[in-house]
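Participant: could you work out the structure for the sequence below:
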Amino acid sequence: MHARDRQIAARGTERSTDVDAFKLASLTQREQFYSNVLRDLLESDLPFMIGGGYAVNLYTHARCPTKDLDIFTTAAEFPRLLSHLQRNNRVSADESWLGKVHRGRDFVDIIFGSSNGAVPVQEEWFQYAAQAQVLGHCVPVINPTELIWSKAFIQKRNRHDGVDIVHLILKQREAIDWQRLIMYMNPHWEILLCHLLTFRWIYPSERDAIPDWLLDDLLERLSRQREGPPPATKLCRGRLLSSSDYRGATEKWGFLNVEDECGNER
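Facilitator: Numbers count the residues shown, from 1 in each chain. Alright, predicted model coming up:
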């Protein structure tokens, strides 16, 4: 079955009863806006998943405040979602990886990639999505594995999603497909190793949440890398993490910007 059809079938007929049973009056104005966007998308039968802070809160019960609602879809479906939502909302688009649905100062992000180009949303993600109640609707939620992957590079001066990754490992260790995660992050295995070591340091009593074979694999890669010489060219991959924080390295210090070479292991 096509991933989109699987998603639609999984929602089933619960959609209307879920919404009817939910007391929308208890929502803030911002949440009512988010709920209306979700209702529009469910009625359209267009494929989407909830990600970002709402997904993290669902998986960890952390109840961290969220500044917006993140909706994930593929690049192929993105124009259809934005066009449908434009009927009742003001929208804007960054053709490289996202669009926004606006109401006053509130907004919903429609995401089909990442700012660095390394994490495109793939149709296969939909087959791993869970179902959960969000703002009165039964909706698909991005799997913890893909959620970690979507956050791995968000390491900026004013925003760092490492804490989300740490808590997803803590609370969803059994649901994470480590083989799939390392497949995604294979060209960037050092970033994955950094996140795993951070988790072990923060929660030493829980370090067995990370499979031994995974750490062995990554540490063996590190050992092999240390045996060889460093790249002859001065490279900076920092702009994969933050285009602004590492600008000086490429504009002043003579390092080559490899921001667009996401698929190449160095």
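Participant: quick one: the helices in the stretch 101-250 of the chain?
Facilitator: For the stretch 101-250 of the chain, the helices defined by DSSP state H, counting those that start in this stretch cover 144-151, 162-172, 178-184, 189-202, 212-227, 247-251.
Participant: flag every buried residue along the second one.
Facilitator: Which is helix 162-172. With burial defined by 16 or more other CB atoms under 10 Å, the residues of helix 162-172 counted as buried are Gly162, Asp164, Ile165, Val166, His167, Leu168, Ile169, Leu170, Lys171, Gln172. Backbone N, C-alpha and C define where each C-beta goes, glycine included.
Participant: picking up where we left off before, can you put the helices of the stretch 101-250 of the chain in JSON lines and add distance to Pro47?
Facilitator: Formatted as JSON lines, the helices of the stretch 101-250 of the chain follow (distance: least, CB to CB, whole Å):
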{"stretch": "helix 144-151", "distance to Pro47": "14"}
{"stretch": "helix 162-172", "distance to Pro47": "23"}
{"stretch": "helix 178-184", "distance to Pro47": "20"}
{"stretch": "helix 189-202", "distance to Pro47": "28"}
{"stretch": "helix 212-227", "distance to Pro47": "31"}
{"stretch": "helix 247-251", "distance to Pro47": "36"}
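Participant: point out the most buried one among the ones you listed.
Facilitator: helix 144-151 (a mean of 24; mean count of other CB atoms under 10 Å).
Participant: please name the residues that touch the residue nearest to the spatial centre of the chain.
Facilitator: Centroid-nearest residue in the chain: Ser150, 2.9 Å away (criterion: CA atoms, centre = their mean). Contact analysis of Ser150 by CB atoms under 8 Å, 6 or more residues apart in numbering lists Gly51, Phe72, Ile111, Ser114, Val119, Ile142.
Participant: per-residue confidence for it?
Facilitator: Here the pLDDT value assigned to Ser150 is 98.
Participant: quick one: it and Leu170, what's the gap?
Facilitator: 18 Å (CB to CB, to the nearest Å).
Participant: same thing with Trp97?
Facilitator: Distance from Trp97 to Leu170, by CB to CB: 28 Å.
Participant: could you tell me the least trusted of the helices of the stretch 101-250 of the chain?
Facilitator: Mean pLDDT, when computed for each of the helices of the stretch 101-250 of the chain, is lowest for helix 247-251, at a mean of 92.
Participant: show residues contacting that one.
Facilitator: With contact meaning CB under 8 Å, 6+ apart, helix 247-251 is reached by Cys236, Gly238, Arg239, Phe255, Leu256, Asn257.
Participant: are any of the residues you listed buried, and if so which?
Facilitator: Applying 16+ other CB under 10 Å to those flags Cys236, Gly238, Arg239, Phe255, Asn257 as buried.
Participant: for the second one, give me its contacts.
Facilitator: For Gly238, the contacting residues are Asp245, Tyr246, Ala249, by CB under 8 Å, 6+ apart.
Participant: could I get those residues as a markdown table with distance to Ile176?
Facilitator: Listed next are the contacts of Gly238 as a markdown table, based on distance: CB to CB, whole Å:
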| residue | distance to Ile176 |
| --- | --- |
| Asp245 | 28 |
| Tyr246 | 29 |
| Ala249 | 33 |
